[in-house]
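[1] attaching a predicted model along with its sequence, questions to come.
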Number of protein chains: 2
Amino acid sequence: MDCLQIVFKLLPNWKREAEVKKIGYKVHGDPFSTNTRRVLAVLHEKGLSYEPITVKLQTGEHQSESFLSLNPFGQVPVFEDRNIKLSESRAITQYIAYVHSPRGTQLLNLQSHETMAILTMWMEIEAHQFDPPASKLTWEQVIKPLYGLETDHTVVKENEANLEKVLNVYEKRLQESRFLACNSFTLVDLHHLPNIQYLLGTPTKRLFKNRPKVHKWVDEITSREAWKMACDQEKSWFNKQRRN
Amino acid sequence: MDCLQIVFKLLPNWKREAEVKKIGYKVHGDPFSTNTRRVLAVLHEKGLSYEPITVKLQTGEHQSESFLSLNPFGQVPVFEDRNIKLSESRAITQYIAYVHSPRGTQLLNLQSHETMAILTMWMEIEAHQFDPPASKLTWEQVIKPLYGLETDHTVVKENEANLEKVLNVYEKRLQESRFLACNSFTLVDLHHLPNIQYLLGTPTKRLFKNRPKVHKWVDEITSREAWKMACDQEKSWFNKQRRN
């Protein structure tokens, strides 16, 4: 057994589980925002309860003084675990995945330093290669219309070309590995979900469907129960909020 | 003692040290590139030897078939450790910092899950808040002139405004903490160095100098011996290459 496996066996998880039940996590966010959904997806994969606190982006609540005291960059989500306040969705997902490593879906590949390195590299690829064009395409085709703004088709064309280059690399990678980092679903695949889900409702969908391995991967990750729960605003957010 | 401290004590580092000496690391990159320098900085902080392999960006070598077989995204650096080939500079720095945790400068804050979470959050802040405007400013004012291209002053103005917002948050953070993640120098501060160093040679320098705490932090991190070594192309790259 590898040292990292030993430490995760040593971690006082029973204590954490009891604390979570007693204190609960708080998620300040908007259930429609891609970054908030990234965090909700992990909480559902781990079967963890949380208190949702709505930050209304449409009314600019994320720029209010009280929200800026939680995150001076004025972005959702913010995650609260007792005295810790975390922003940046990918930092939050990693924190939850590490703390609750043995619980629910195994989202990290902790067998060795080498498997962790591959996982980290693919997390960086999502953040620096996939996310920039994917986020711009979501903004132009999904968010701007919601705010009554016009889609800029030059920006769409440019970012679709960039996304295609990334998906060509993914197509090749998925010929040798069932998921991006390894043969099991990890945080890497999960981090892609929010943008992919929105883009499947736009003409950009064809870029995923045109590539057989990417198509299969997209089908598999978007049909996970935890992800469906994260996207179901009523169940994942508003019902919970009413109960609190 | 925390579990994470235990595991890092358990790690067979003596074995790793011997292996590194015997096999050595390879860095494929360009000593002038910001992403390559990020990796060199960690290797120098840890006092590790490496074999530099030049990838000539100016002649488009990063788009050659042989380089694309190392990194299909065609970007430097690529780091080789025996059978592992890693791209994405921030994944490489994390890998080296974890594997050589007890050696040289302590670049991670491993006391607890909480301190690691804060470190991860600040790494994400560098990548998603600081890097986008800082990289564009470096590109416009440092790289484009090298390629005989003209600086776009509208882009500079826009990105300086974005960088100012980030540095205002940093100024406040550095009033309560000597470095960004905690009171000691970590990977977070190190990840900022390549862009800051280039921007200190441009008019953007004033944005760092105008803020007393940011100014002090920039002075402190840019004067580290390991960083000076990473920026000294002769010592960090070409002399080593001649010896191989």
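    In hand now; what should we look at? Quantities reported herein were computed from a predicted structural model and do not represent experimental measurements.
[2] what does chain A put close to chain B?
    Taking CB under 8 Å from any CB of the partner chain as the measure of proximity, chain A contacts chain B at A:3-4, A:6-7, A:10-11, A:72-73, A:84, A:86-88, A:90-91, A:94-95, A:98-99, A:113-114, A:116-118, A:120-121, A:123-125, A:127-129, A:166, A:169, A:172. In this view, the C-beta of every residue, glycine as well, is placed from N, C-alpha and C.
[3] ranges for the strands of chain A?
    Using DSSP state E, the strands of chain A run over residues A:25-29, A:50-54, A:78-81, A:84-86.
[4] the first one to strand A:50-54, inter-axis angle?
    It stands for strand A:25-29. 20 degrees (axes from the mean of the first three to the mean of the last three CA atoms, to 10 degrees).
[5] residues in contact with strand A:25-29: which ones?
    Outside of strand A:25-29, the residues within contact range by CB atoms under 8 Å, 6 or more residues apart in numbering or on different chains are A:35-36, A:39-40, A:43, A:48-55, A:67, A:70, A:76-81.
[6] ok, the residue nearest the centre of chain A - contacts?
    For chain A, residue A:38 is the residue whose C-alpha lies nearest the centre (CA atoms, centre = their mean; 2.3 Å). Contacts for residue A:38 (CB under 8 Å, 6+ apart) come out as A:89, A:90, A:92, A:93, A:190, A:191, A:193, A:194.
[7] do you know how far it is from residue A:24?
    20 Å (CB to CB, to the nearest Å).
[8] same check, this time on residue A:93
    18 Å.
[9] for the longest helix along chain A, buried residues please.
    Looking across chain A with DSSP state H, the single longest helix is helix A:153-176. Residues A:155-156, A:159-160, A:162-163, A:166-167, A:169-171, A:173-174 are the ones in helix A:153-176 that count as buried (16 or more other CB atoms under 10 Å in any protein chain shown).
[10] same deal with stretch A:130-140?
    Neighbour counts over stretch A:130-140 (16+ other CB under 10 Å) mark A:130, A:131, A:133, A:134, A:135, A:136, A:137, A:138, A:139, A:140 as buried.
[11] need the max-distance pair from those residues.
    Across the buried residues of stretch A:130-140, the longest distance by CB to CB is 16.1 Å; it joins A:130 and A:140.
[12] which residues does residue A:134 contact?
    Counting by CB under 8 Å, 6+ apart, residue A:134 has contacts A:159, A:163, A:192, A:195, A:196, A:199.
[13] now with 7 Å?
    By CB atoms under 7 Å, 6 or more residues apart in numbering or on different chains, the contact set of residue A:134 is A:163, A:195, A:199.
[14] again with residue A:159
    A:133, A:136, A:137.
[15] switch to 8 Å and redo it
    Counting by CB under 8 Å, 6+ apart, residue A:159 has contacts A:133, A:134, A:136, A:137, A:140.
[16] any idea how far residue A:50 lies from residue A:74?
    Relative to residue A:74, and taking CB to CB, residue A:50 is found at 22 Å.
[17] compare the two and say which is more crowded by neighbours.
    Counted by other CB atoms under 10 Å in any protein chain shown, residue A:50 and residue A:74 do not tie: residue A:50 has more neighbours, with 21 against 17.
[18] picking that back up, buried subset of the residues of chain A next to chain B, written for ChimeraX?
    Of the residues of chain A next to chain B, the buried ones go into a single ChimeraX selection, burial set by 16+ other CB under 10 Å:
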select /A:3,4,7,11,72,86,87,88,90,91,94,95,98,99,113,114,116,117,118,120,121,123,124,125,127,128,129,166,169
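[19] which one of the buried residues of stretch A:130-140 is nearest residue A:178?
    For the buried residues of stretch A:130-140, the nearest to residue A:178 is residue A:130 (18.0 Å; CB to CB).
[20] identify the residues contacting the closest residue to that closest one other than its chain neighbours.
    Nearest non-adjacent residue to residue A:130, counting by CB to CB, 6 or more residues apart in numbering or on different chains: residue A:166, 5.2 Å away. Residues near residue A:166 by CB under 8 Å, 6+ apart: A:129, A:130, A:133, B:73.
[21] contacting residues around the second one?
    This means residue A:130. A:163, A:166, A:192, A:195.
[22] of all those, which comes closest to chain B?
    residue A:166 (7.9 Å; CB to the nearest CB).
[23] tell me the pLDDT of that closest one.
    Listed pLDDT for residue A:166 reads 98.
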